[in-house]
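Peer 1: no sequence on this one, just coordinates:
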């Protein structure tokens, strides 16, 4: 795939072949938002959920979001089809195997147990199902998966209680599979400081802290997530470039941003690929990784996000490789797991005609 003399990628290697040759790590993808349309329809029919479209064409139209609030409305409606342990097992297995088919070696998948528990689902059922699905996929495809339990921050609700309950669920039922506490949902009307005590308790319990911030609001939400929530990574961070002091802080402390371009377009957070901030984030030295967020809902995949990075965002193949390799360092994998993936990226660099990734921390 590379010239034996120059080491450069030859003309015969297409963008698709380049992307398919990349090992990958996914750090920002939602389990509930990864439900395949056919699976959603099957579970809706099985459980008699009658408020959703009844065929695939209507479901695709249902997923044409007017704005971020409309996306949340549809998201909350779709999760109603998840009722029993086998539903959660099916979703976790299908999601992980779908990632593995894209050469994803490791994934930290976010799910929101409180959304299900507040519907009357036994938390033991939720966690047993997702854990069984995770282990099924690991046995079948070798992909490693860990969970981020997500607080569903929603305007007009008791967010403090939902945050506390989410942490309780994670600690009581998560076992070794749960590694972090997240915070999703709308940012407008859901200030981050109120979640400070629960994130402090999560950190004290040994969990990592990875809230969404700066997706549909300005840099202040990112600052609040750093100051009050001990954020180790920032979900989205789309508005970070609006504050030079924040850019300097994120760069100096090497705090990664989990970037999901197609998601940002579909929810209206960014107007087009042409104005997406990812290239400038890289130019300004920010740590970034590339993700799919809610792939079927946004008609994307992680593979497609890498192709968009090349074709729509104008990144070079070297830049795309570096972003993919950086996700290893941004992950919460133990040292031995990171070392194995670094070796795989080094081998892939030779095949793809790019430079190996710089050593961690350089």
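Peer 2: Cool, the structure landed. Every value quoted in this text rests on a predicted model; they were computed, and no experiment measured them.
Peer 1: Sketch out the low-pLDDT regions of the stretch 251-362 of the chain for me.
Peer 2: 361-362 (pLDDT under 70).
Peer 1: which residues of it fall in helices?
Peer 2: All helices of the stretch 251-362 of the chain, identified by DSSP state H, counting those that start in this stretch, fall at 261-266, 278-283, 302-311, 317-330, 335-352.
Peer 1: which ones are touching the closest residue in space to residue 191 that isn't next to it in sequence?
Peer 2: Counting by C-beta to C-beta, 6 or more residues apart in numbering, residue 191 lies nearest to residue 224, which is 7.0 Å off, once chain neighbours are set aside. In short, each C-beta sits where N, CA and C put it, glycine included. By C-beta atoms under 8 Å, 6 or more residues apart in numbering, the residues touching residue 224 are 191, 192, 193, 213.
Peer 1: start to end distance for stretch 241-255?
Peer 2: 14 Å (C-alpha to C-alpha, to the nearest Å).
Peer 1: Test my guess that residue 114 contacts residue 159.
Peer 2: No. Using C-beta atoms under 8 Å, residue 114 is not in contact with residue 159; the gap is 10.4 Å.
Peer 1: which neighbours do these two share?
Peer 2: With C-beta under 8 Å, 6+ apart, residue 114 and residue 159 have common neighbours residue 151.
Peer 1: which strands and helices sit next to the helix or strand that contains residue 131?
Peer 2: In this assignment (DSSP states H and E), residue 131 forms part of helix 123-141. Judged by 3 or more C-beta pairs under 8 Å, 6 or more residues apart in numbering; DSSP states H and E, helix 123-141 is in contact with helix 85-100, helix 113-117, strand 144-152, helix 159-173.
Peer 1: between these, which gets nearest to residue 354?
Peer 2: Smallest distance to residue 354 across those (C-beta to C-beta): 22.7 Å, for helix 85-100.
Peer 1: Go through that closest one and flag the buried ones.
Peer 2: 85, 87-96, 98-100 (16 or more other C-beta atoms under 10 Å).
Peer 1: Relative to the whole chain's centre, how far out is that helix?
Peer 2: The chain centre lies 15 Å from the centre of helix 85-100; the measure is C-alpha atoms, centre = their mean, to the nearest Å.
Peer 1: what do you get for stretch 349-362?
Peer 2: Per C-alpha atoms, centre = their mean, the centroid offset for stretch 349-362 relative to its chain is 23 Å.
Peer 1: isn't residue 217 right up against residue 238?
Peer 2: No. Applying C-beta under 8 Å as the test, residue 217 and residue 238 come out as separate, 9.4 Å apart.
Peer 1: So which of the two has more stuff around it?
Peer 2: Higher neighbour count among residue 217 and residue 238: residue 238, with 27 against 20, using other C-beta atoms under 10 Å.
Peer 1: any idea how far that one is from residue 131?
Peer 2: As judged by C-beta to C-beta, to the nearest Å, residue 238 and residue 131 stand 32 Å apart.
Peer 1: same deal with residue 93?
Peer 2: Using C-beta to C-beta, which is the criterion applied here, residue 93 is 11 Å from residue 131.
Peer 1: try residue 225
Peer 2: In terms of C-beta to C-beta, residue 225 sits 28 Å off from residue 131.
Peer 1: who's more crowded, those two?
Peer 2: residue 225 (29 against 22).
Peer 1: Show the contacting residues for the more buried one.
Peer 2: 183, 192, 211, 213, 214, 231, 234.
Peer 1: now swap in residue 22 and tell me
Peer 2: 103, 306, 320, 321, 324, 348, 352.
Peer 1: Surely the last one and residue 20 touch.
Peer 2: No. With contact taken as C-beta under 8 Å, residue 352 and residue 20 are classed as non-touching, separated by 10.1 Å.
Peer 1: And what about the closest residue to residue 236 other than its chain neighbours, helix, strand or coil?
Peer 2: Distance criterion C-beta to C-beta, 6+ apart; nearest residue to residue 236, sequence neighbours excluded, is residue 215 at 3.7 Å. What DSSP: H, G, I helix; E, B strand; the rest coil gives for residue 215 is coil.
Peer 1: just checking, what packs against the strand or helix carrying residue 106?
Peer 2: Using DSSP H and E, residue 106 sits in strand 104-111. Here strand 104-111 touches strand 24-30, helix 85-100, strand 144-152, strand 178-184, helix 335-352, going by 3+ C-beta pairs under 8 Å, 6+ apart.
Peer 1: could you redo those as CSV and give each row distance to residue 261?
Peer 2: Listed next are those as CSV, based on distance: least, C-beta to C-beta, whole Å:
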stretch, distance to residue 261
strand 24-30, 12
helix 85-100, 18
strand 144-152, 20
strand 178-184, 18
helix 335-352, 22
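Peer 1: Which one (most neighbours) among the contacts of residue 225?
Peer 2: Going by other C-beta under 10 Å, residue 211 tops those with 30 neighbours.
Peer 1: what's the burial count for residue 122?
Peer 2: 13.
Peer 1: Report pLDDT for it.
Peer 2: Among the per-residue scores, residue 122 holds a pLDDT of 98.
Peer 1: Likewise for residue 2?
Peer 2: On the pLDDT scale, residue 2 gets 47.
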